[in-house]
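1. Provided below for reference: sequence and predicted model.
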Amino acid sequence: MLKIEMPRKELTIGPEVTIGNRKRFSTATAVAFITDTLFVSAAFNSRKLYLVEITAEGHNILQEVKTRHSPDLMKYKDGVILTSDYPHGEPNGHASIYDFIDGKIVFRKEIALINTKAHGCCIIDDKTIIITSNSDDNRGLLFIDVHCLCSQSSSNRTDNSYKRINCICV
């Protein structure tokens with residue numbers, strides 16, 4: 001077994017969150033492998049992504065990326081990294097998209113998901129992602145066309161009326 005610890009500073013970054021029946025600091029919340037020896041890890045409280053290489057001696061953190069929101073869960077597919085950003089201390093969840101280019105994580109865009117608690121995520125293809133929401137008012141699967149530019153933009157919404165449509169254009 002190989003144990004990889006997040007940087008020690010991650011263990012002291014508040015706020016505490018309740019997981020199950022206990023409070024703790026939230027550190028690594030997700031991992032997505034790019035290759036057999038290279039992965040991305042999301043750190044919820046510090047709002048960071050870490051690019052980590054597994055070596056014969058242990059591991060190296062190759063890149064530390066500050067995110068705009070708290071990344072919860074994450075997926076990687078075909079050069080794209082997707083995080084579902086749970087709205088801890090914010091009114092709305094987000095989907096954040098990064099590209100993996102020349103060995104680096106590069107921010108592409110964020111998608112505000114009004115009145116959601118973004119949790120799970122999935123990359124279908126280069127056009128479509130899925131974010132799950134466990135909000136009391138807006139539960140379910142959100143199928144999002146990441147390239148669509150039309151009047152149904154989630155960033156322009158002030159209510160949760162899009163929960164009744166199948167595709168959110170952003």
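-> Great, that's in hand.

2. buried sites along the helix or strand where Glu64 lies?
-> Counting by DSSP states H and E, the element that carries Glu64 is strand 58-66. Residues of strand 58-66 classed as buried by neighbour count (16 or more other C-beta atoms under 10 Å): His59, Val65. Any C-beta I mention is one placed from the backbone N, CA and C, and that applies to glycine too.

3. Could I get the CA-only coordinates of it as PDB?
-> Only the C-alpha atoms of strand 58-66 are listed here, as PDB (Å, rounded to 0.1, in the frame of the first residue of the first chain):
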ATOM      1  CA  GLY A  58       7.100   8.000  -3.000                       C
ATOM      2  CA  HIS A  59       5.500  11.100  -4.700                       C
ATOM      3  CA  ASN A  60       6.100  14.600  -5.900                       C
ATOM      4  CA  ILE A  61       3.600  17.400  -6.000                       C
ATOM      5  CA  LEU A  62       4.200  18.800  -9.500                       C
ATOM      6  CA  GLN A  63       1.600  21.600  -9.400                       C
ATOM      7  CA  GLU A  64      -0.700  23.300  -6.900                       C
ATOM      8  CA  VAL A  65      -3.700  25.200  -8.500                       C
ATOM      9  CA  LYS A  66      -5.800  27.600  -6.500                       C
END
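
4. can you pull the buried residues of the next helix-or-strand element following it?
-> As assigned by DSSP H and E, the chain's next helix or strand after strand 58-66 is strand 70-77. Neighbour counts over strand 70-77 (16+ other C-beta under 10 Å) mark Ser70, Pro71, Asp72, Leu73, Met74, Lys75, Tyr76 as buried.

5. do the same with stretch 31-42
-> Buried residues in stretch 31-42, counted by 16+ other C-beta under 10 Å: Ala32, Ile34, Phe39, Val40, Ser41, Ala42.

6. Verify the contact between Asp145 and Thr128 for me.
-> Yes. Using C-beta atoms under 8 Å, Asp145 is in contact with Thr128, at 6.0 Å.

7. roughly how far apart are Arg24 and Leu113?
-> The gap separating Arg24 from Leu113 is 26 Å, by C-beta to C-beta, to the nearest Å.

8. And these two? Which one has more around it.
-> Shown here are Arg24 and Leu113; by other C-beta atoms under 10 Å, Leu113 has more neighbours (29 against 11).

9. tell me the phi and psi of the more buried one?
-> Main-chain dihedrals, Leu113, degrees, to the nearest 10: phi -120, psi 90.

10. now it, nearest residue through space, not along the chain?
-> Gly93 (4.6 Å; C-beta to C-beta, 6 or more residues apart in numbering).
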